[in-house]
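Student: Sequence below, structure please.
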Amino acid sequence: MPPHQTWKLTLAYDGTGFRGWQVQPGEMTIQGELQAALRRVVGEGPLPQGSGRTDAGVHALGQVASFELAARIPAENLQRALNRTLPPAIRVLEARAVESTFHARHSAVGKTYEYRVFRGEICPPVLARYVHVCAWPMDFEKLQRCAGFFEGEHDFLSFAASDPDLSTRQGRGAEIEEEHRPAIGKIRKGAMRTIFSSAWAERDSEIGGLLIYRVHGNGFLHHMVRNLVGTMLDVGRGQLKAEDIPGILGARTRAAAGPTAPAQGLFLHSVEYAEGLRDQGLRGLGT
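Tutor: Now for the predicted structure:
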C-alpha cells in the first residue's frame, strides 16, 4: 500500500443553501459535499477537516481543508475534477500536496473575517444573500471607534454564542469556541482571544453603499463576529455608546452585548498559517 499523501485545499463557497460546514445526517453541508466529491473522483472518502466550522448561511472566500489520500493524482487534475463534480456554489481555488504534519485547523494561527452591511432601503436581489440590510441612520465614526476597543487580548465571553446547540458542540470537544484553536502552545480554554486588527470601511457602488467590517485575530468564539457586529450596529444607530464596550467585555455575559447579526453578511475571508502564508480569498461581489 502506498503511503497516504496529505492534501490542502483552499475553497470558496456561497453558504446560502447549506447547513454550514460540518457534516450532519440528512443535511446538505460543505464538508459532506466535499467528502462525496472526493469519493466520486478518487474512490476514497476521507472526511475533510476545515480550518473552522462556518455556520448555516455563512460564506467563505478562503476556507482551508485538509485530508489524506492514498491515490496519486496531480494537483491540477484533482482541482479540476473536484470542480466538475461539486455543486456550483462550492469551488476549489487551489489544491496542493503538503507535509504530513499539516492540519487545516490545528496548523492555523489566525483568521480574517469580513462582514458586509448594505446601506439603503432597497437591496438589489443580486446582493441580498450576501449582506445584512440596514436602512436606519448609522454613525460611521462611532462604528470605527467601537471596532478599536476590540483590538488586543480580551475575554470575549460576552460575545460568545448562547444558543441551544452550544452544549452539543461542547460534547463534540469544541469547548466554548466555534472553530479555531491556536497551534502554538496548549489550546487555551475559555474566551481569551487576541484581535490583531478590527476596522470598518465604507464602499460606494452603482448598486448601493456598503459598510465592510474586517477583523483579524488568532481565534474566534462561536458567533463571535456576528455578535460583535450586532453590538457595533447598535452603537452606530445610537442605542448603545462606544464607551459601553469595555464594560460589556468586562461583564463576561452574553446578555450584556447586542444582538447577533444575520449569517448572510459574514464571510470567512482568509486563514493564516505558521509558515507565514495566508490563503487569500477571492475579492468577489465587486470588492
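
Student: Give me the residue ranges of the stretch 101-250 of the chain where confidence is low.
Tutor: Scanning the stretch 101-250 of the chain for pLDDT under 70 picks out 163-189, 205-207.

Student: Strands of that one, start to end?
Tutor: Under the criterion DSSP state E, counting those that start in this stretch, the stretch 101-250 of the chain contains strands at 108-119, 132-134, 152-155, 192-203, 209-217.

Student: Quick check: neighbours of the fourth one in the sheet, parallel or antiparallel?
Tutor: It stands for strand 192-203. strand 152-155 (antiparallel), strand 209-217 (antiparallel) (DSSP bridges).

Student: Those: which one's closest to residue 6?
Tutor: strand 209-217 (26.1 Å; Cβ to Cβ). C-beta: built from backbone N, CA, C; applies to glycine.

Student: just the angle between the closest one and strand 108-119, please?
Tutor: For strand 209-217 against strand 108-119, the angle by axes from the mean of the first three to the mean of the last three Cα atoms, to 10 degrees is 160 degrees.

Student: chain center to strand 209-217: distance?
Tutor: Put simply, strand 209-217 sits 13 Å off its chain's centre (Cα atoms, centre = their mean, to the nearest Å).

Student: now what about that strand, what contacts it?
Tutor: 110-120, 131, 134, 138, 140, 143, 147, 150, 193-204, 225, 228-229, 232, 269, 287 (Cβ atoms under 8 Å, 6 or more residues apart in numbering).

Student: follow-up on the earlier one: looking at the strands paired with strand 192-203, which is nearest to residue 73?
Tutor: strand 209-217 (34.0 Å).

Student: Identify each buried residue in that closest one, please.
Tutor: For strand 209-217, a neighbour-count test (16 or more other Cβ atoms under 10 Å) marks 210-217 as buried.

Student: And for stretch 12-22?
Tutor: 12-15, 18-22.

Student: Can you give the contact residues for it?
Tutor: 27-31, 33, 50, 52-63, 87, 89-91, 93, 129-130, 263-264, 281-282, 284.

Student: Repeat that for stretch 85-103.
Tutor: 4-18, 30, 33-34, 37, 40-41, 49, 62, 66, 68, 75-76, 78-79, 82-83, 107, 279, 281-282.

Student: burial measure for the closest residue to residue 60 other than its chain neighbours, as a count.
Tutor: Counting by Cβ to Cβ, 6 or more residues apart in numbering, residue 60 lies nearest to residue 268, which is 4.3 Å off, once chain neighbours are set aside. By other Cβ atoms under 10 Å, the residues close to residue 268 number 29.

Student: Contacts only, for residue 268.
Tutor: Residue 268 sits in contact with 51-52, 54, 58-63, 111, 113, 281, where contact means Cβ under 8 Å, 6+ apart.

Student: rerun at 7 Å
Tutor: With contact set as Cβ atoms under 7 Å, 6 or more residues apart in numbering, residue 268 has these partners: 52, 54, 60-63, 111, 113.

Student: Show me what it is bridged to.
Tutor: Beta-bridge partners for residue 268, by DSSP bridges, are residue 60, residue 113.

Student: If I look at it, what pLDDT would I see?
Tutor: The per-residue pLDDT reported for residue 268 equals 98.

Student: Can you name the residues in contact with stretch 54-64?
Tutor: 8, 10-16, 18-21, 50-51, 104, 130, 263-264, 266-271, 279-282, 284.

Student: picking that back up, can I get the strands of the stretch 101-250 of the chain in a markdown table including distance to residue 254?
Tutor: Formatted as a markdown table, the strands of the stretch 101-250 of the chain follow (distance: least, Cβ to Cβ, whole Å):
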| stretch | distance to residue 254 |
| --- | --- |
| strand 108-119 | 19 |
| strand 132-134 | 20 |
| strand 152-155 | 13 |
| strand 192-203 | 15 |
| strand 209-217 | 18 |
